[in-house]
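Peer 1: Got a predicted structure here, sequence first:
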Amino acid sequence: MSDLKERAENVLAPALAYHTEITVENAKGLIIEATDGKKYIDFCSGLATTNLGHLPPTVIKAVENQLKRFIHSGCIFYYDSVVELAERLADRAPGDIGMFFFSNSGAEAVEGAIKLARFHTGRQGIIAFTGSFHGRTMGAATLTASSSKYRRGYHPLLPSVYHAPYPYCYRCPVGQIKGECENQCLGQIDNIFECLITPGEVACIIIEPILGEGGYSVPPSAYMQKLRKLCTNHGIMLIADEVQTGMGRTGKWFAMEHYEVVPDIITIGKGIASGFPLSAVASSKAIMGNWTVGMHGTTFGGNPVSCAAAVAVIDTIEKDNLLENVEKVSAYAIERLKGMMAKHKVIGDVRGKGFMIGIELIKEDKKPDALSTTKMLKACEDRGLLVVECGKYKNVVRLMPPMTTTKEEMARALDIFKDALGDLA
């Protein structure tokens, strides 16, 4: 055990789990250097957060400039960076979404989103999805359904919350075949309406455009489009939790664009400021403009330094054509991984959009293989590649590199991944 790890365990709450025992000395771009001198390719990106890699020069410059002016406002005065950020987001958000409330974390954004939905509709009910992850504050933890451990010891949670099965096509929740099912799993929401709560009592349905913690599953476009129609027909707010998927990670500013669906409310976080704490609830003026003074608040949300970083992130993504880079490099990665799947029976599925790529490891009977996944993570780490797992069964390796990753860097990482597969033979 390293001295730093021992010190950390003495003073830091054990509730926060670390994925590795690496102690970092410094990091730049795609590379992390440990205190023992070993270097690693970082395909974790601080859990899909450092979208521009470590120490991006444009963000550092923007932060330094803001630090020389002032650091904090606390809603006492107006300042430019928060307004500039909101204007940039409004120009890139889908549909008529153009108003924002900034906070610090994804969970805070989710809390704000469900408060807004309840306030706007005057209804109480919320529908989320099994396998979902929305955060660990009390409200967000109630919506989260990727693991019972996130709820253990905290009951009673938020009332009037119901869960429908997520369209996890590789392991269909209603036993259908992908492409032939006509989205029968969507009918489970009708069952909720028939048996548990009427649609007129439901304020919102909240969904991750791509399942994150739950296994990087990508729903069919038709499912999302039918879900949008269902919400519209019943006057229910559709909330897209884009905390992980948003800000370019999937090759578009927001992942819902892949489905040609405009939600009523969007949550934004993680990559918005490439490592600085910042999140947002986004909606139209028609919805958010009626959120009256004092109905929500924050001390640190929309911090001037974090907002300056986020403005630089958006400008850099566009200047360096990073959305296009994500699309091109991810297509190469998925093609290579599918080639590995054809040769290695342990890989049951390769899926994702952009730089959210999931590789599901299985046994011969298609049962989840968590043990092989654990071995795979260790084999990659030993060879200098950092990846982590996800999924209900902890059997999905997820790749979430920075948006700046080149084809050559991706090739290097995939060479390591391919070599690590040999440890599973």
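Peer 2: Yep, it's here. All values reported here derive from a predicted model rather than from experimental measurement. Residues are numbered from 1 along each chain as shown.

Peer 1: ok, M295 touching R118?
Peer 2: No - using Cβ atoms under 8 Å, M295 makes no contact with R118, being 10.4 Å away. Using the backbone N, CA and C atoms, a C-beta is placed for each residue, glycine as well.

Peer 1: who's more crowded, those two?
Peer 2: Higher neighbour count among M295 and R118: R118, with 17 against 10, using other Cβ atoms under 10 Å.

Peer 1: Tell me the confidence at G179?
Peer 2: Model confidence at G179, given as pLDDT, is 69.

Peer 1: Oops, could you answer that again for V174 instead?
Peer 2: So, for V174, pLDDT stands at 74.

Peer 1: before we move on, what about I334?
Peer 2: Checking the pLDDT column for I334, the value is 98.

Peer 1: Can you name every helix or strand that the helix or strand hosting it contacts?
Peer 2: Assessed by DSSP states H and E, I334 sits inside helix 322-343. Applying 3 or more Cβ pairs under 8 Å, 6 or more residues apart in numbering; DSSP states H and E, we find helix 322-343 packed against strand 347-353, strand 356-361, helix 407-421.

Peer 1: T142 and S160 touch, don't they?
Peer 2: No - with contacts counted by Cβ under 8 Å, T142 stays clear of S160, the gap being 9.5 Å.

Peer 1: Please say which of these two ends up with more neighbours.
Peer 2: T142 (24 against 16).

Peer 1: contacting residues for R398?
Peer 2: Residues in contact with R398 (Cβ atoms under 8 Å, 6 or more residues apart in numbering) are Y216, M356, I357, G358, I359, V387, V388, E389, C390.

Peer 1: Next: M247.
Peer 2: M247 neighbours (Cβ under 8 Å, 6+ apart): N51, W253, F254, I268, K270, G271, I272, V313, I317.

Peer 1: looking at the chain, which helix or strand does the model trust least?
Peer 2: Using mean pLDDT, DSSP states H and E, the weakest-scoring helix or strand in the chain turns out to be helix 3-11, at a mean of 92.

Peer 1: Let me see the ranges of the strands in the stretch 251-400 of the chain.
Peer 2: 265-268, 279-284, 347-353, 356-361, 385-386, 388-390, 396-399 (DSSP state E, counting those that start in this stretch).

Peer 1: right, and those strands - which one's nearest L377?
Peer 2: Proximity to L377 (Cβ to Cβ) singles out strand 388-390 among the strands of the stretch 251-400 of the chain, at 6.2 Å.

Peer 1: Chain neighbours aside, what residue packs nearest to I239?
Peer 2: Closest residue to I239 apart from its sequence neighbours, by Cβ to Cβ, 6 or more residues apart in numbering: I206 at 4.1 Å.

Peer 1: Can you list the helices and strands that the helix or strand harbouring that neighbour packs against?
Peer 2: I206 is part of strand 202-207, with elements assigned from DSSP H and E. Applying 3+ Cβ pairs under 8 Å, 6+ apart, we find strand 202-207 packed against helix 106-121, strand 125-130, helix 221-234, strand 237-242.

Peer 1: what sits against V350?
Peer 2: Here V350 is in contact with I334, L337, K338, M341, I357, G358, I359, E360 (Cβ under 8 Å, 6+ apart).

Peer 1: For the residues you listed, which entry has the maximal number of neighbours?
Peer 2: Result: I359 is most packed of the contacts of V350 (other Cβ under 10 Å), 29 neighbours.

Peer 1: Now for that residue: which residues touch it?
Peer 2: The contact partners of I359, by Cβ under 8 Å, 6+ apart, come to L337, M341, I347, D349, V350, V396, V397, R398, L399.

Peer 1: Look at the nearest residue to it once chain neighbours are set aside and say how many residues are nearby.
Peer 2: Nearest residue to I359 in three dimensions, chain neighbours excluded: V397, at 4.5 Å (Cβ to Cβ, 6+ apart). Residues lying near V397 (other Cβ under 10 Å) number 25.

Peer 1: Need the per-residue pLDDT for V397.
Peer 2: V397 is assigned 98 on the pLDDT scale.

Peer 1: beta partners of it?
Peer 2: With DSSP bridges applied, V397 shows beta-bridge pairing to I359, E389.

Peer 1: Q225 against Y259, yeah?
Peer 2: Yes - contact criterion Cβ under 8 Å: Q225 and Y259 qualify, at 6.3 Å.

Peer 1: List the strands paired with the strand or helix carrying G98, with their directions.
Peer 2: Per DSSP H and E, G98 falls inside strand 97-103. The pairing partners recorded for strand 97-103 under DSSP bridges are strand 279-284 (antiparallel).

Peer 1: Can I get the strand it pairs with in PDB, CA atoms only?
Peer 2: Taking Å, rounded to 0.1, in the frame of the first residue of the first chain, the C-alpha atoms of strand 279-284 are listed here in PDB:
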ATOM      1  CA  SER A 279     -23.800  21.300 -14.300                       C
ATOM      2  CA  ALA A 280     -27.000  22.700 -15.600                       C
ATOM      3  CA  VAL A 281     -30.700  22.300 -16.000                       C
ATOM      4  CA  ALA A 282     -31.800  23.400 -19.500                       C
ATOM      5  CA  SER A 283     -35.300  24.000 -20.800                       C
ATOM      6  CA  SER A 284     -37.400  26.400 -22.900                       C
END
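
Peer 1: shift numbering so it begins at 789
Peer 2: Let's use 789 as the start, then, which means that last one is strand 1067-1072.

Peer 1: Need the contact partners of that strand.
Peer 2: Here strand 1067-1072 has contacts from 877, 881, 883-894, 896-897, 900-901, 904, 1031, 1052-1058, 1060, 1076, 1089, using Cβ under 8 Å, 6+ apart.

Peer 1: Return, as residue ranges, the portions of the stretch 939-1088 of the chain with sub-threshold pLDDT.
Peer 2: Applying pLDDT under 70 to the stretch 939-1088 of the chain flags the ranges 967-968, 970.
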